[in-house]
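Visitor: Give me coordinates for this.
(one chain, ligands or ions: 2)
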Amino acid sequence: MKKVFRFLLWLGGIVFVLVVGTILYVHSVWDRTYEAPYPEVTVSMDSAVLARGEYLVYGPAHCATCHIDPSDYDAMAQGELVALAGGGEINIPPGQFRARNLTPDVETGIGRLTNEEVARVMRYGVGHDGRIIFPFMPFENMTQEDLNAIISFLRSQPPVKNKIEPTEYSFLGKAVLTAGLIKPIEPNGTPPVSLEKEASAVYGSYLANSVANCVGCHSPRDLNSGEFIGPKFSGGLVFEEANGTFTTPNLTPDPETGLTATWTEDTFVARLKGGLVHEGTPMPWSSFAMMDEIDIRAIYRYLESLEPTKNKIEQTVAYRE
Ligand code: HEC
Ligand code: HEC
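Guide: Ligands and ions are numbered 1, 2, ... in the order given. Okay, here's the model as predicted:
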């Protein structure tokens, strides 16, 4: 009896040391820094460049969906170009992520970041301080012209003083970082210099995959690592939001289960222009409603050109009582 007791005590001691050791280890190394190149950027105050940057930031690239204060959501839904003063929060198990102030204010905005530091966040997912940034901003394959236009526009805004508290990781988030499950992103080869804006599947592919991130939400993924684990655009990703559960529809042209097989191009344009229908949905409807018809038609033509995938999504919106 005594022997068993002593053994259990011993075992308990080992487990205790292992658990405490792991916790201390995770707490000490989770915020290690990464090396990544600083991309080239050419900033210009040319009015066509600034207009392109503004369109991308508020429309397809939807920086505004995250980088504005939640009290401005209604104004944005009305089409107002509200200040990118930060404040949007994403609360998920790995932590509380707070989108930064993207106006040029020196103290609280990107005024103290170089253009190359901002570009590195977009192309490599590495922050100005070398910390990894969770993959909310997969702009690694954006064209050089669009990257230049976005950063030019950000520099041209009036500065707004608005201090945003830092992102806070939960223990799970720190453990995910310690385990190296989130890695810096990187472009597939050298990103294109520019692309012809036209209502074609080629341009639609660029928007859906490299700018608007339709692929990031409308595909099966591992929620801890972000890895794609099924056919892209076949839907089924589940979002637990404050007011209910939202599941992305299948956007491939499968005749039975795909959304683009049953919607005409005009239905699709009208739906995207129409904005939010379901309160609390994570889809950035207000930003996408600011997309022009050429872009929306391009995306539709690209989705139509995809391999049909059978994946029945029973219900996309389920509100909690
Ligand atoms: C889905 C939400 C989302 C979208 C869309 C988004 N961001 Fe962010 N962004 C965030 C969050 C959250 C953070 C804070 C990350 C952190 O602190 O780890 C952030 C941080 C940043 C940072 C600061 C990184 C640093 O070094 O601290 C920059 C710069 C930035 N975003 C630029 C952009 C630009 C430019 C766009 C559009 C082209 C954009 N973001 C679109 C959520 C988003
Ligand atoms: C942040 C995640 C997210 C992104 C990014 C996103 N979606 Fe969605 N989408 C959703 C969710 C969740 C739903 C289901 C709830 C709803 O209809 O709002 C949805 C619904 C839809 C619907 C069906 C609407 C209806 O009336 O049934 C279409 C069409 C759609 N998305 C197209 C797109 C396209 C095109 C893009 C890129 C331009 C895109 N989505 C980007 C999350 C996203």
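Visitor: Enumerate the residues of the stretch 1-150 of the chain near ligand 1.
Guide: Contacts of the stretch 1-150 of the chain with ligand 1, taken as CB under 6 Å from any ligand atom, map to 57, 61-63, 65-67, 90, 97-100, 102, 110, 118, 121-122, 127-128, 133-134, 136-137, 139, 150. Bear in mind the C-beta positions are built from the backbone N, C-alpha and C, glycine included.
Visitor: let's see 5 Å
Guide: By CB under 5 Å from any ligand atom, the residues of the stretch 1-150 of the chain that approach ligand 1 are 61-63, 66, 97, 99-100, 118, 121, 127-128, 133, 136-137.
Visitor: And those, which two are furthest apart?
Guide: Spanning the widest gap among these are H62 and H128, at 21.4 Å by CB to CB.
Visitor: ok, these two, which is more surrounded?
Guide: Counted by other CB atoms under 10 Å, H62 and H128 do not tie: H62 has more neighbours, with 22 against 16.
Visitor: Surely the more buried one touches A212?
Guide: Yes - using CB atoms under 8 Å, H62 is in contact with A212, at 6.8 Å.
Visitor: which residues does D222 contact?
Guide: D222 makes contact with I229 under the criterion CB atoms under 8 Å, 6 or more residues apart in numbering.
Visitor: And for the residue lying closest to T108 once chain neighbours are set aside, the neighbour number?
Guide: In this structure, T108 finds its nearest non-sequential neighbour in K163, 4.6 Å apart by CB to CB, 6 or more residues apart in numbering. Counted with other CB under 10 Å, residues neighbouring K163 total 12.
Visitor: list the contacts for Q144?
Guide: Contacts of Q144 by CB under 8 Å, 6+ apart are E40, P191, P192, V193, S194.
Visitor: I'd like the mean pLDDT over stretch 69-78, please.
Guide: Across stretch 69-78, pLDDT averages out at 94.
Visitor: shift numbering so it begins at 43
Guide: In the new count, where the first residue is 43, that last one comes out as stretch 111-120.
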